[in-house]
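>>> just the structure for this:
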Amino acid sequence: MNEELPQAVQADMARAPLRFDRAEWAAALADLGTFIPYVVAYVSVLGMDPVGILLAFGLALVACGLLYRTPLPVQPMKAVGAVALAQAATISVGAIVAASLVTGVLWLLLGLSGAASRLARMIPREAVLGVMLGLGISFMLQGLRMMGSDWLAAVAALALAVILRNSRLFPAMLVLLIGGLAYGVLRQPALWEGASFGLHLRLPALAVMDLHWTDFVTGTLLLALPQLPLTLGNAVIGVTEENNRLFPDRATSVRKVSVSTGVMNLAGGAIGGVPMCHGAGGMAAYAAFGARSGGAPVIFGATLVVLALCFSGAIGFLLQAVPAAVLGAILFLTGARLAIGNAPRTRDWRVLLPVALTAAAALWNVGLGLVVGVAAHWICRRSDTAEYFHKKE
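Coordinates of the predicted model:
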């Protein structure tokens, strides 16, 4: 997986231009389908400060766009978010911040020591394809559930996306978001109440100053450690594979992605951010709506930084204005692209069976999917070897 990139390739990446054309601007918000639901939940259910969360995401997105020169995403860690929200009564804001710091240390060590690269080499390609296929299907299913809140808006969004999929004059993502925003405000005029669009400079507090040792115990055992297998499969190995498949001229490595995951969680946790990762689904979303460089994440990140620092009064309005059904349609299309792009192009059962079993298990848990994929790969390989020696006899 391009663990040690040649110096010539690294030089080409450094020279790769960032694009800021209409397609990059339109695709910049393509990952909102997974971003908004988690951020809204962190803010509304757990009472976290949106300024620290958005600023952490914004700075990480800008840095990744400049570093990778591809639309490499930055997303909330899903397992951490799910556990935190399910146990909101017992998990504190400090525990979530501590989980971000612990996650940062773990992935920094795994990346710098080379352990992440060694783990990645132990994962067969069939398992990686299966994880990506399973994630694509899970995104489609989650999108369908979100679309169920307003099927009329969802069908209209899907139809617009199909009609405008190749339009340069009216990029599909831009039309979907503007239309969704207008529809959301018309449907719920009360959203305007309490929203302040005036310029108001506000800096985040240093969250590390208020942490207690119990926050680190809870954050490590309940949040950070259970997320590791999911991050390895989707946000390290999976996103590296997806990046190198879509942009072979700007290939990256498991080591580099691991290190950047560590750094952005350490920096984000310090200012009150939540655990973050690089998700393969986010890259598929960017690419599906036209992003072809690091310009899209830079645009999205810069927007979040400006919102966090200068327009904090409008954050609540913007997070809730676009209907869930429209976000679900975007998520469905993202999942479809991810699943189709990683479906195996072969009829060999020794490839198809591990991929299918991995995808099925990954629908429930990505970590389990990796284990199932590795086991299925070696069983099929052993069966093939036994058959070969049987014929020789």
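>>> alpha carbons only for contacts and neighbour counts from here, please
Noted.
>>> which regions of this structure sit below the pLDDT cut-off?
The chain contains residues with pLDDT under 70 at 1-15, 82, 85-86, 168-169, 192-199, 383-393.
>>> mind listing the strands for it?
When assigned using DSSP state E, the strands of the chain occupy the ranges 75-76, 276-277.
>>> and those strands as CSV, adding mean neighbour count and distance to residue 160?
Conversion of those to CSV gives the following (neighbours: other Cα atoms under 10 Å; distance: least, Cα to Cα, whole Å):
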stretch, mean neighbour count, distance to residue 160
strand 75-76, 24, 26
strand 276-277, 28, 30
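>>> of all these, which lies closest to residue 296?
Shortest separation from residue 296 across the strands of the chain is recorded for strand 75-76, at 14.1 Å, computed as Cα to Cα.
>>> before we move on, the earlier item: mind checking which of the strands of the chain is nearest residue 252?
Between residue 252 and those, the tightest spacing by Cα to Cα is seen for strand 276-277, at 15.4 Å.
>>> got the strands of the chain as TSV, with distance to residue 61 columns?
Below are the strands of the chain laid out as TSV (distance: least, Cα to Cα, whole Å):
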stretch	distance to residue 61
strand 75-76	9
strand 276-277	11
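>>> among those strands, which is nearest residue 156?
If we rank the strands of the chain by Cα to Cα, the stretch that ends up nearest is strand 75-76, at 26.5 Å.
>>> wouldn't residue 173 be in contact with residue 24 here?
No. Between residue 173 and residue 24 there is no contact, the gap being 10.2 Å when judged by Cα atoms under 8 Å.
>>> returning to that earlier point: indicate which one of the strands of the chain is closest to residue 113.
Closest approach to residue 113 among the strands of the chain is made by strand 276-277 (19.0 Å; Cα to Cα).
>>> show me what that closest one is packed up against.
strand 75-76, helix 254-270 (3 or more Cα pairs under 8 Å, 6 or more residues apart in numbering; DSSP states H and E).
>>> distance to residue 232 added to these, as CSV?
Below are those laid out as CSV (distance: least, Cα to Cα, whole Å):
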stretch, distance to residue 232
strand 75-76, 14
helix 254-270, 9
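>>> residues contacting the closest residue in space to residue 173 that isn't next to it in sequence?
For residue 173, the nearest residue in space outside its immediate sequence neighbours is residue 26; the separation is 5.4 Å by Cα to Cα, 6 or more residues apart in numbering. The neighbourhood of residue 26, defined by Cα atoms under 8 Å, 6 or more residues apart in numbering, consists of 171, 172, 173, 174, 289, 290.
>>> give me the distance from stretch 111-131 to the chain's centre.
Its chain's average C-alpha position is 18 Å from that of stretch 111-131, according to Cα atoms, centre = their mean, to the nearest Å.
>>> for it, buried residues please.
Neighbour counts using 16 or more other Cα atoms under 10 Å place 111, 114-117, 120, 123-131 of stretch 111-131 among the buried residues.
>>> closest to residue 246 out of these?
residue 129 (14.2 Å).
>>> distance of that closest one relative to residue 141?
Distance check for residue 129 against residue 141: by Cα to Cα, to the nearest Å, it reads 18 Å.
>>> same check, this time on residue 331
Following Cα to Cα, the distance that separates residue 331 from residue 141 is 9 Å.
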